[in-house]
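S.K.: generate coordinates for the sequence data below:
(one chain, ligands or ions: 1)
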Amino acid sequence: MSGFDKNWLALREPVDVKARAMQLVERLSRHVEANAVPVILDIGSGTGSTWRSLSARVPRTTQWHLLDYDPLLLAEAERRIGGGSGGAVTFRQFDLNQIEDLPLDNVTVVTASALFDLCSADFCNRFAETLAKSRTGLYAALNYDGMMEWSIPHPLDQQVVLDFNRHQRFDKGFGPALGPDATEHLRLAFEALRYSTAVATSPWLMGPDERDLQVAFLEGLEKPLVEVGSLTDSEIGRWLRFRLDTIAEPGSSCVVGHTDILALPRR
Ligand SMILES: C[S@@+](CC[C@H](N)C(=O)[O-])C[C@H]1O[C@@H](n2cnc3c(N)ncnc32)[C@H](O)[C@@H]1O
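M.R.: The predicted structure is shown next:
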């Protein structure tokens, strides 16, 4: 069990879909199309959000391999995707800490979403070196970039964001996490290995229509804020009540910053 709940992943998926930087998806599509037998390896696949976002944008014959270490999420991915919609789809339990054993044979590009902000600098360096050996590309979307903004301000917003970003750097299973620095770290690591990189923003834009996601997101902030410990429980409680109460107010919105990166090998 990874601690990522399939209901949470389902709530965020429609907002992720709208947030993805389409200019990078288009470049990714062209790169995949240039291969006679395209193969995509999606790591930290969860229930298959990346497949659902991209499968219609790459050739129907593309083979997909979805990897995650959480058997429940993989089972849900298999239930929802089945055999795919053209090319074959496989599902495999795999702990990414064994990154040097990543099954990269014939893989055109590795994809990921909402994964690399959980990862450490050491992991990202090892990952980049592993991909570089086979000159495999990377498309990594929706890495949290440290920005949260609400249209209706509260005096504790700044401290909340600081504390959450501090918590983002705690170990999430790969060593001290990069959190908001993940995309930049990947960019530098891949450029050093003779890749061309492109980075674009992919912010979540949430208004009253995204009420359920906003509620789940806000409730999910409580534990990290308590663990960081710079705000008292009553300050956190007051801030959360204010934020939950203002979701439905006219003109209320929340932006959560993310970035996407595409890294393709220079030949
Ligand atoms: C935030 S979720 C994103 C899931 C999916 N990519 C999406 O966008 O909906 C992060 C995913 O990474 C997986 N994960 C975390 N640590 C992992 C590890 N060490 N090995 C394999 N998968 C891992 C989790 O199980 C989870 O599915």
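S.K.: so where do the strands sit in the stretch 101-250 of the chain?
M.R.: 109-113, 137-150, 195-201, 204-206 (DSSP state E, counting those that start in this stretch).
S.K.: closest one to the ligand among those?
M.R.: Closest approach to the ligand among these is made by strand 109-113 (3.6 Å; Cβ to the nearest ligand atom). (Each C-beta comes from the backbone N, C-alpha and C, glycine too.)
S.K.: and the closest one, average pLDDT?
M.R.: Across strand 109-113, pLDDT averages out at 98.
S.K.: for this protein, what's the longest helix?
M.R.: In the chain, assigned by DSSP state H, the helix with the most residues is helix 211-228.
S.K.: buried ones in that one, by neighbour count?
M.R.: Residues of helix 211-228 classed as buried: 213, 214, 217, 218, 221, 224, 225, 228 (neighbour count, 16 or more other Cβ atoms under 10 Å).
S.K.: same deal with stretch 201-213?
M.R.: Result for stretch 201-213 [16+ other Cβ under 10 Å]: buried residues 202, 203, 204, 206, 210, 213.
S.K.: skipping adjacent residues, who's closest to the residue nearest the centre of the chain in space?
M.R.: With distances taken as Cα atoms, centre = their mean, the residue of the chain nearest its centroid is residue 114 (1.0 Å). Distance criterion Cβ to Cβ, 6 or more residues apart in numbering; nearest residue to residue 114, sequence neighbours excluded, is residue 142 at 4.6 Å.
S.K.: residue contacts, that neighbour?
M.R.: By Cβ atoms under 8 Å, 6 or more residues apart in numbering, the contact set of residue 142 is 16, 19, 20, 113, 114, 202, 258, 260.
S.K.: so what pLDDT did it get?
M.R.: Residue 142 is given a pLDDT of 98.
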